[in-house]
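**Q** missing the sequence, but the structure's below:
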């Protein structure tokens, strides 16, 4: 009826055939709409000039996102997979008078970024509609049968698969959203426990080097360095050691992190600096697939224990803590999904959460930092092993 520019978008558009392109082509053929011209990358109405274009959100950045400023309608398909970073780029870009964003999604998690941004607390310009199989007058009887069968046999799966509720986090998520939310709402301003620092090292690219500062039940905060080389990271770590006197500084020594460790050890910080390899054998090898699973599970236990732990109020941290899926290896040991899979889903590496997890690399004696610096190394190592007897962080 009029000329429109419509962008059909997903988080990752590896192929136009993976998008709603095929759905639109099928509908055009079904209704014999001869006024549409179907091309490899777009669909055009030959009478009005209306155009459908297809894009992946991860392909967009501050430079080329401007091509969407004149769009009338954006249709976000499978919006549960869209990262917060992608949404934060798109949302302020669609600002043409009368423009709209249409979002279709099957919720996966309690804190899906688009749901948290729009669906959880819609304003007066947002319309949220829940549509299920029973709302469809043309729903096939076979689908109704399968839905009722699932309801009888597995109510939790029925709530998620057929009614659109977030998946039961206990079944595959290591850390539940409500656990993270509770830790953010805890009131705890300071702690007398010694300082422990976790360092997740990155070099250039989109990943950041993140320092996490934790004292006992309190995560005090984070410091992020972008595009910092090993010397810069080591210099910052040296300032932290000299000024704040942490009892331990745990560093991800995989990849370029090993170079940071070498510099700090050469500067005489052997008693404080500990290299950690995520993929190496766990201290409790019979329980965990590797050190990464062990550290993250200790983080989970810290969040769930009493008295309540405290973390900063930070949406990025929330998403990263809740992003990790768990499974079990052939020996029944806890194993986590690969970091690349998490990065693909989040649109970034979980650097902040990994830095916090690193503070649980080994048990740390909970005493005054000044006394800790004076203790013999061997006695400290023995104290680390005592942690599992009293379960004290």
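**A** Looks like it arrived, so ask away. These numbers come from a predicted model, not from an experiment.

**Q** Below-threshold pLDDT in this protein: ranges please.
**A** By pLDDT under 70, the low-scoring segments of the chain are 60-64, 156, 167-171, 203-206, 365-393.

**Q** And the strands in it, which stretches?
**A** 5-10, 36-38, 42-45, 51-56, 73-76, 100-103, 195-200, 208-215, 218-226, 248-252, 273-276, 326-328, 334-336 (DSSP state E).

**Q** JSON lines for those, including mean neighbour count?
**A** (C-beta placed from N, C-alpha, C; glycine too.) Shown next, in JSON lines, are the strands of the chain (neighbours: other C-beta atoms under 10 Å):
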{"stretch": "strand 5-10", "mean neighbour count": "21"}
{"stretch": "strand 36-38", "mean neighbour count": "14"}
{"stretch": "strand 42-45", "mean neighbour count": "17"}
{"stretch": "strand 51-56", "mean neighbour count": "20"}
{"stretch": "strand 73-76", "mean neighbour count": "21"}
{"stretch": "strand 100-103", "mean neighbour count": "16"}
{"stretch": "strand 195-200", "mean neighbour count": "26"}
{"stretch": "strand 208-215", "mean neighbour count": "24"}
{"stretch": "strand 218-226", "mean neighbour count": "17"}
{"stretch": "strand 248-252", "mean neighbour count": "26"}
{"stretch": "strand 273-276", "mean neighbour count": "20"}
{"stretch": "strand 326-328", "mean neighbour count": "13"}
{"stretch": "strand 334-336", "mean neighbour count": "20"}
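
**Q** ok, residue 264 touching residue 271?
**A** No. Taking contacts as C-beta atoms under 8 Å, residue 264 lies outside contact range of residue 271: 11.1 Å.

**Q** And stretch 340-358, how far out from the chain middle?
**A** 6 Å (C-alpha atoms, centre = their mean, to the nearest Å).

**Q** If we go by neighbour counts, what in that stretch is buried?
**A** 342-343, 345-358 (16 or more other C-beta atoms under 10 Å).

**Q** start to end distance for that stretch?
**A** 18 Å (C-alpha to C-alpha, to the nearest Å).

**Q** got it, and stretch 178-196?
**A** 25 Å.

**Q** what separates that stretch from the chain centre, distance-wise?
**A** Counting by C-alpha atoms, centre = their mean, stretch 178-196 comes out at 20 Å from the chain centroid.

**Q** before we move on, what about stretch 234-241?
**A** 28 Å.

**Q** Pull the residues that contact it.
**A** 197, 199, 211, 223, 225, 228, 246, 249, 251, 260, 263-264, 267, 269, 272-273 (C-beta atoms under 8 Å, 6 or more residues apart in numbering).

**Q** What distance do you get for residue 95 to residue 176?
**A** Separation of residue 95 from residue 176 (C-beta to C-beta, to the nearest Å): 37 Å.

**Q** picking that back up, list just the nearest of the buried residues of stretch 340-358 to residue 153.
**A** residue 345 (28.5 Å; C-beta to C-beta).

**Q** thought the closest one was touching residue 325?
**A** No. Counting by C-beta under 8 Å, residue 345 stays clear of residue 325, with 9.1 Å between them.

**Q** More neighbours: which of residue 95 and residue 176?
**A** Neighbour comparison, residue 95 and residue 176: the larger count goes to residue 176, with 19 against 10 (by other C-beta atoms under 10 Å).

**Q** want to throw the strands of the chain into CSV with distance to residue 300?
**A** Formatted as CSV, these follow (distance: least, C-beta to C-beta, whole Å):
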stretch, distance to residue 300
strand 5-10, 31
strand 36-38, 50
strand 42-45, 47
strand 51-56, 33
strand 73-76, 32
strand 100-103, 31
strand 195-200, 15
strand 208-215, 15
strand 218-226, 14
strand 248-252, 17
strand 273-276, 18
strand 326-328, 9
strand 334-336, 10
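
**Q** To residue 284, which of those lies closest?
**A** strand 334-336 (9.9 Å).

**Q** which residues touch that closest one?
**A** Identification of contacts with strand 334-336 by C-beta under 8 Å, 6+ apart yields 174, 287-290, 292-294, 296-297, 324-329.

**Q** Need the residue closest to the centroid of this structure.
**A** Nearest to the geometric centre of the chain sits residue 320, at 3.2 Å (C-alpha atoms, centre = their mean).

**Q** How about the contacts made by that residue?
**A** 346, 350, 351, 352, 353, 354.

**Q** 10 Å instead, please
**A** Applying C-beta atoms under 10 Å, 6 or more residues apart in numbering, we find residue 320 in contact with 175, 180, 314, 342, 346, 348-357.

**Q** can you tell me which of these lies nearest to residue 83?
**A** residue 346 (5.4 Å).

**Q** can I assume that closest one is in contact with residue 319?
**A** Yes. Counting by C-beta atoms under 10 Å, residue 346 touches residue 319, with 6.3 Å between them.

**Q** which residues do the two both contact?
**A** What both residue 346 and residue 319 touch, as defined by C-beta under 10 Å, 6+ apart, is the set 83, 84, 85, 113, 353.

**Q** Let's see if you can find the most crowded of those residues.
**A** Counting by other C-beta under 10 Å, top hit in the shared contacts of residue 346 and residue 319: residue 353 with 27 neighbours.

**Q** Quick one: end-to-end distance for stretch 94-105.
**A** End-to-end distance (C-alpha to C-alpha), stretch 94-105: 19 Å.

**Q** got a list of what the closest residue to residue 339 other than its chain neighbours touches?
**A** Closest residue in space to residue 339, ignoring its immediate chain neighbours: residue 349 at 6.7 Å, by C-beta to C-beta, 6 or more residues apart in numbering. By C-beta under 10 Å, 6+ apart, the residues touching residue 349 are 200, 202, 205, 206, 207, 208, 210, 320, 339, 340, 342, 343.

**Q** if I pick the closest residue to residue 213 other than its chain neighbours, what's in contact with it?
**A** Among residues not flanking residue 213 along the chain, residue 220 sits closest, at 4.3 Å (C-beta to C-beta, 6+ apart). Contacts for residue 220 (C-beta under 10 Å, 6+ apart) come out as 190, 191, 195, 197, 212, 213, 214, 244, 310, 311, 312.

**Q** Right, I'll call it a day here.
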